[in-house]
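Chemist: Need coordinates for the following:
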Amino acid sequence: MASEPVARAVAEEVGRWGSMKQTGVTLRYMMEFGSRPTQRNLLLSAQFLHKELPIRFARRALELDSLPFGLSNKPAILKVRDWYLDSFRDIRYFPEVRSRNDELAFTQMINMVKVRHNNVVPTMALGVQQLKKELGRSRKVPFEFDEIDEFLDRFYMSRIGIRMLIGQHVALHDPKPEPGVIGLINTRLSPIQVAQAACEDARSVCLREYGSAPDINIYGDPNFTFPYVTLHLHLMLFELVKNSLRAVQERYMNSDKDVPPVRIIVADGEEDVTIKVSDEGGGIPRSGLPRIFTYLYSTAKNPPELDRPNTERVTMAGYGFGLPISRLYARYFGGDLQIISMEGYGTDAYLHLSRLGDSEEPLP
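Modeler: Numbering: from 1, shown residues only. I've put the predicted structure just below:
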């Protein structure tokens, strides 16, 4: 444990940096800047991150300390807050980046910071679950969780930004990047190919869980490409397809009717690329629709207990974090995610991705 004056000095420093203004970047800027990863550009990028990351880490650490309903005191949340403070310290007290060697050492350090934060989402989910259990016991449930939802939206949006900035900088050091790939951005990403990969992953999870999986049909131009972050698109499509497979599987499990396929349609417009994931899994009642984007709601009967180790294994349904986080990924580069449902029939998810790459990060 840090001694009192040291802790106080760090707290003051966090307060000071947390009040500074963040600087947003666009997908297009990241592409143009990263297309020439010269030593000078990598140095400039490291110098930018050296100033920018402490501001972002400090803001989240301060917010983690002042959450409503006693959420800040839950052990899981305290653990996450400590990760943010450690990362703030690591970057803040790293000497100025002036040479190539400084830059390489800095890159190695921020990559370790990124690894430290790998389990933030399940750990935050655990904290929220701890709170939910406690409130369930005390029967204090007729209050609104809006504040917590708003906080988690800001928190996860910020996390996406931090991971994107660090990941992009680290990836620019790849000695042999694939053609058309700039850091984490694939300038010639084929949404059909990403959809195929996400479908394979989601079907294998469904097969493991239920022993069978509905078919998936994908429609769209296989030659169409646009610049986007493969990782982000895969994550969003995997989540949507997984939800559709589960709905169809559970609806037709004990039926002798033909199981209808899940359909994915990719449309390329002038401004947006839109991907629709369509299922006939029975839909969501209209009363349930507002809840699907809150972090405290899951349709799974028994969400996995997060206290147990090995929660990294992806389950078909879990902590109710998949959809709201997918929507944040879509919004991070100016897109959106909409869910339209016909109760008694099925659900359509519309994933809108901005084609222009000009929208700036939404900075919480």
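
Chemist: any idea how far residue 197 is from the closest residue to residue 70 other than its chain neighbours?
Modeler: Distances taken as C-beta to C-beta, 6 or more residues apart in numbering place residue 131 nearest to residue 70, at 7.3 Å, with adjacent residues excluded. In short, each C-beta sits where N, CA and C put it, glycine included. Look at residue 131 and residue 197: by C-beta to C-beta, to the nearest Å, they are 36 Å apart.

Chemist: try residue 78
Modeler: Where residue 197 is concerned, residue 78 sits at a distance of 37 Å (C-beta to C-beta).

Chemist: Show the average pLDDT along stretch 86-101.
Modeler: Per-residue pLDDT over stretch 86-101 has a mean of 96.

Chemist: quick one, which of residue 131 and residue 197 is more surrounded?
Modeler: A side-by-side neighbour count of residue 131 and residue 197, using other C-beta atoms under 10 Å, places residue 131 first with 22 against 14.

Chemist: just the strands in the stretch 251-364 of the chain please.
Modeler: Along the stretch 251-364 of the chain, counting by DSSP state E, counting those that start in this stretch, strands occupy 262-268, 272-279, 336-342, 346-354.

Chemist: Out of these, which gets nearest to residue 43?
Modeler: The closest of the strands of the stretch 251-364 of the chain to residue 43 is strand 346-354. By C-beta to C-beta, the value is 30.1 Å.

Chemist: Using PDB, write out the CA atom coordinates for the closest one.
Modeler: Output in PDB follows, covering the C-alpha atoms of strand 346-354 (Å, rounded to 0.1, in the frame of the first residue of the first chain):
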ATOM      1  CA  GLY A 346     -38.300 -12.600 -35.200                       C
ATOM      2  CA  THR A 347     -35.800  -9.800 -34.900                       C
ATOM      3  CA  ASP A 348     -33.900  -7.700 -37.300                       C
ATOM      4  CA  ALA A 349     -30.600  -6.000 -36.200                       C
ATOM      5  CA  TYR A 350     -29.400  -3.100 -38.400                       C
ATOM      6  CA  LEU A 351     -25.700  -2.400 -38.000                       C
ATOM      7  CA  HIS A 352     -24.900   1.000 -39.700                       C
ATOM      8  CA  LEU A 353     -21.200   1.700 -40.300                       C
ATOM      9  CA  SER A 354     -20.100   5.100 -41.500                       C
END
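
Chemist: burial count for residue 152?
Modeler: Neighbour tally, residue 152, other C-beta under 10 Å: 24.

Chemist: cool, residue 207 as well?
Modeler: Per other C-beta under 10 Å, the neighbour tally for residue 207 reads 13.

Chemist: Quick check: it touching residue 201?
Modeler: No: Residue 207 lies out of contact with residue 201 (C-beta atoms under 8 Å); the separation is 11.0 Å.

Chemist: average pLDDT across stretch 26-36?
Modeler: On average, stretch 26-36 scores 89.

Chemist: returning to what we had before: possible to save the strands of the stretch 251-364 of the chain as TSV with distance to residue 90, mean neighbour count and mean pLDDT?
Modeler: Shown next, in TSV, are those (distance: least, C-beta to C-beta, whole Å; neighbours: other C-beta atoms under 10 Å; pLDDT from 0 to 100):
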stretch	distance to residue 90	mean neighbour count	mean pLDDT
strand 262-268	41	20	97
strand 272-279	37	23	97
strand 336-342	34	16	96
strand 346-354	33	22	97
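
Chemist: Which one, of those, ends up nearest to residue 53?
Modeler: If we rank the strands of the stretch 251-364 of the chain by C-beta to C-beta, the stretch that ends up nearest is strand 346-354, at 24.9 Å.

Chemist: Residues contacting that closest one from elsewhere in the structure, which ones?
Modeler: 226, 228, 233, 236-237, 240, 243-244, 247, 271-284, 330, 333-341 (C-beta atoms under 8 Å, 6 or more residues apart in numbering).

Chemist: Residue 162 - nearest residue in space that isn't next to it in sequence?
Modeler: That would be residue 56: by C-beta to C-beta, 6+ apart, it lies 5.4 Å from residue 162.

Chemist: Tell me where the chain has helices.
Modeler: Using DSSP state H, the helices of the chain run over 4-18, 27-34, 39-64, 75-92, 100-116, 120-138, 146-171, 191-210, 230-252, 322-332.

Chemist: For residue 262, find the nearest of these.
Modeler: helix 230-252 (4.5 Å).

Chemist: what does the average pLDDT come to for the closest one?
Modeler: 96.

Chemist: Any buried residues in it, and which?
Modeler: Neighbour-count burial for helix 230-252 flags 230-233, 235-249, 251-252 (criterion: 16 or more other C-beta atoms under 10 Å).

Chemist: Counting by contacts, list what it packs against.
Modeler: Secondary-structure packing of helix 230-252 (3 or more C-beta pairs under 8 Å, 6 or more residues apart in numbering; DSSP states H and E): strand 185-189, helix 191-210, strand 262-268, strand 272-279, helix 322-332, strand 346-354.

Chemist: and the shortest one with helix 146-171, angle?
Modeler: With axes from the mean of the first three to the mean of the last three C-alpha atoms, to 10 degrees as the criterion, the two stretches strand 185-189 and helix 146-171 enclose an angle of 90 degrees.

Chemist: which residues sit in contact with the spatially most distant residue from the centre of the chain?
Modeler: Most distant from the centre of the chain: residue 256, at 38.1 Å, with distances by C-alpha atoms, centre = their mean. Applying C-beta under 8 Å, 6+ apart to residue 256 gives no contacts.
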